[in-house]
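1. Sharing a model that was predicted from the sequence below.
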Amino acid sequence: MKGLIIFLLSFALVMAKAQNRETFELIKKHVYDDELSGPLPNAGKTISLCNQLRADGTWADIDYRSKSISLWPPGEHLDRLRTLIIAYVSPQSTSYQQKSIYDKILLAAQYWANNRFESSNWWHNEIASPKAIGVCLILMKFGKEKIPPEVEAPLVALMKRGDPYTKTGANKSDIAMHYFYRALILEDANLLASAMEQLLFPIQLVDSKEGLQHDFSYLQHGPQLYIAGYGEEFLKGISKVMAYVRETAYAVDNKRLDLFERFLTETYLPIIRSRYIDFNVHGRGISRPDILEKMQETAILKQMKLIDPAKNAVWNKALAKLDSLQAFDADDVDMHRHYWKGDYTTHLRKQFHFNVRLASSRTNKSESGNGENVLGRNMSDGVTNIQVFGPEYYNIMPVWEWDKIPGTTTRDYLGDVELKEQWGARAANNFAGGVSNGKTGASAMSVQYDGVTAQKSWFFFDREVVCLGAGIHCEAQEPVVTTLNQTWLNGPVIWNGKETSTLDSVQRDMKQGEFITHNNVLYYFPVAMSVGLTTKDQAGSWYRINRSSSKDLVHGKVFKLWLSHGVAPNNASYAYIVVPGTKVIDTKEMQRIKIWQNTSDIQAVEHTGNGILQLSCHQPGTYQIGDWSITLDQPVILQLSSKPTANMQLDVADPLQQAKTVHVQLVNKQLRVNQSLEVSFPQGEYAGSTVSNRIAIGKK
């Protein structure tokens, strides 16, 4: 009997090892298939790399001594090694399993194994290099000849960098990814389990930490908006690993998969228009060439087709958008969201996207770091992204005038002024937030930066966005301006529907009711304003905003439209209405928009056609707004669906995220409303989110 028990235990152990081996082989095959799913290396490039590789395993044009923090030259060695390996292990390659290619691979691998290259940027040392080594070693498992143990062992040792347990968000998953690769190489079940725990750990809603937020924004480097950039890395890394472990015991559970897919489908993909993403969500990454074009996101969607094929209709539709197989306005979207954790608002329509990035004492402003985004001082101060076709801002950043960022109210300097704070700093203002019913809403912030103060609000109806500013004050010597847009010039600028601008620089006093159109965006002035416009060539370089980029001159014609508030403005204001997706004014629609208040205490707008009243209240008090008398004992942002029906909806949000309740008194004699109510605000991670109430309307 004892012998039988020993036999059964031994048999079970053998079977467990066999199953583990099968699991490792399956996952490695998934990695292999994924790495070979892209285009094959050009045969000529492969031959050239082989011919240029020197006898010591180096390439002459790589500076192996460099410690550069951004584009780190030694990392190119691993990129080229991977190129040679793919050419060697791919059955479709003309170099498939060729001994001459293998010899070059071994030579380059041996050189890296014999050295320990270091960048001054930890990311290259603890993320990029170990991941690259891991991919190379796994791919070579499918070669006719393998990397010998005496070379593989020191390469694996070089992968032992970074600790995922000490990192958050995308950085955690990136480090855990090369732990995952190392586990596959060593066939270490314990290491694989640990890596998977850390890889999937970021798929959760975090409490006051970096990562995926309760509003489904994504924050990294403190409470800093990074839906793209680090959020993008989160999506890429985790979708990849979820696809690798599919059909195994390590497959992701449904709860985590649902959270991941919600961020992808409800936040990330919707703010891509015709494969170009909102520049507001990329942090310092906007100083990198081509960053706004999201063609590489097709890899995420192809992984999702493997992970969750039941939703292939969703993934195929998104792929069509990124591949430009559908029209820029193909998405029949009708959505408004305010991200109370990220200080970010999106207003998405079939005809356009209009998004705003705010800042507050609860969030970090857009960062500079590693010599990137060196001019991005105002990139969180009410910046507006207006897209009709998609590529309006694509690669415009080198030629931007950086004190005229779209949507901002700023000092107009004579030259560039660099951002001194590194890695993000909290804004000074407490007031920032937004209210939303899912279709329409309002957002506001109190700007307190660089000597400029201003109360800024955006009122989003259906097609119209009303932009108000009040209490604008500055004592500096530079003029203060509010920029409506600064985008690539695309077609004529039309004044009042008939005049085509022939000048490349215009300063003009616009009368009440006048308007400008350019590139299917209409800018309407409900009050007289002093307007500046240029359509001339602007020049700069990527180096100007990113110290690791080219100094070569970049230039192009730019449409730049702004309002002038003069030097040392005191209690100045502005009002303009943007109607994207059209070049024809609807006069009747403009007449339905009533700007009732625009002061430093309260800004209020009503769209009588839609039956919606919105206000941002910076001070408690009683305010007369059209037929309404509204009393508030707290600063709020409020939306009232005032169409005369049996009930109306009151949406309220706390822009300070401090109050527990607000007392609201609503009086409208025309509608026979006289109601007082106490609204309880959401608390904790939901502070700042919208709460809704129904209001009964009396019969006339």
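-> Sure, I can see it.

2. And G540, how far from S287?
-> 11 Å (Cβ to Cβ, to the nearest Å). Placement of C-beta: from N, CA and C, glycine included.

3. so where is this protein shaky, pLDDT-wise?
-> For the chain, the stretches with pLDDT under 70 are 1-19, 643-646, 699-700.

4. follow-up on the earlier one: so if I had to pick from G540 and S287, which one is more boxed in?
-> Neighbours were counted for G540 and for S287 using other Cβ atoms under 10 Å; S287 has more, 26 against 20.

5. So the more buried one is in contact with V374, correct?
-> Yes - between S287 and V374 a contact is recorded at 7.4 Å, counting by Cβ atoms under 8 Å.

6. Give me the common contacts of these two.
-> Taking Cβ atoms under 8 Å, 6 or more residues apart in numbering as the criterion, S287 and V374 both touch 545-546.

7. Regarding S70, what is its secondary structure?
-> When classified by DSSP: H, G, I helix; E, B strand; the rest coil, S70 comes out as coil.

8. That one and V374: what is the separation?
-> S70 is 12 Å from V374, by Cβ to Cβ.

9. Tell me which of these two has more neighbours.
-> Counting neighbours by other Cβ under 10 Å for S70 and for V374 shows that V374 has the greater number, 21 against 18.

10. next SSE after the longest strand belonging to the chain?
-> Longest strand in the chain, counting residues (DSSP state E): strand 554-567. Per DSSP states H and E, the first helix or strand lying C-terminal to strand 554-567 is strand 570-580.

11. So which bits of that following strand are buried?
-> Residues of strand 570-580 classed as buried under the neighbour-count rule (16 or more other Cβ atoms under 10 Å) are 572-580.

12. just stretch 217-228 next, same as before
-> Here stretch 217-228 shows 217-221, 223-228 as buried, counting by 16+ other Cβ under 10 Å.

13. Can you give me the end-to-end span of it?
-> Chord length of stretch 217-228, first to last residue, is 10 Å (Cα to Cα, to the nearest Å).

14. I'd say D509 and F525 touch.
-> No - contact criterion Cβ under 8 Å: D509 and F525 do not qualify, at 10.0 Å.

15. where exactly do the helices run in the stretch 1-150 of the chain?
-> Along the stretch 1-150 of the chain, the stretches classed as helices by DSSP state H, counting those that start in this stretch are 2-35, 43-52, 75-89, 99-113, 122-123, 129-140, 149-158.

16. cool, and the chain?
-> Using DSSP state H, the helices assigned to the chain run over residues 2-35, 43-52, 75-89, 99-113, 122-123, 129-140, 149-158, 169-186, 189-200, 230-244, 254-262, 298-307, 312-322, 587-591.

17. could you dump the ones you listed to CSV with mean neighbour count?
-> CSV is the format used below for the helices of the chain (neighbours: other Cβ atoms under 10 Å):
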stretch, mean neighbour count
helix 2-35, 13
helix 43-52, 14
helix 75-89, 21
helix 99-113, 19
helix 122-123, 15
helix 129-140, 23
helix 149-158, 15
helix 169-186, 24
helix 189-200, 18
helix 230-244, 24
helix 254-262, 15
helix 298-307, 20
helix 312-322, 17
helix 587-591, 13
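
18. so can I have a markdown table of those showing distance to N364?
-> Listed next are the helices of the chain as a markdown table, based on distance: least, Cβ to Cβ, whole Å:
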| stretch | distance to N364 |
| --- | --- |
| helix 2-35 | 34 |
| helix 43-52 | 41 |
| helix 75-89 | 28 |
| helix 99-113 | 37 |
| helix 122-123 | 19 |
| helix 129-140 | 27 |
| helix 149-158 | 33 |
| helix 169-186 | 14 |
| helix 189-200 | 25 |
| helix 230-244 | 12 |
| helix 254-262 | 24 |
| helix 298-307 | 26 |
| helix 312-322 | 29 |
| helix 587-591 | 38 |
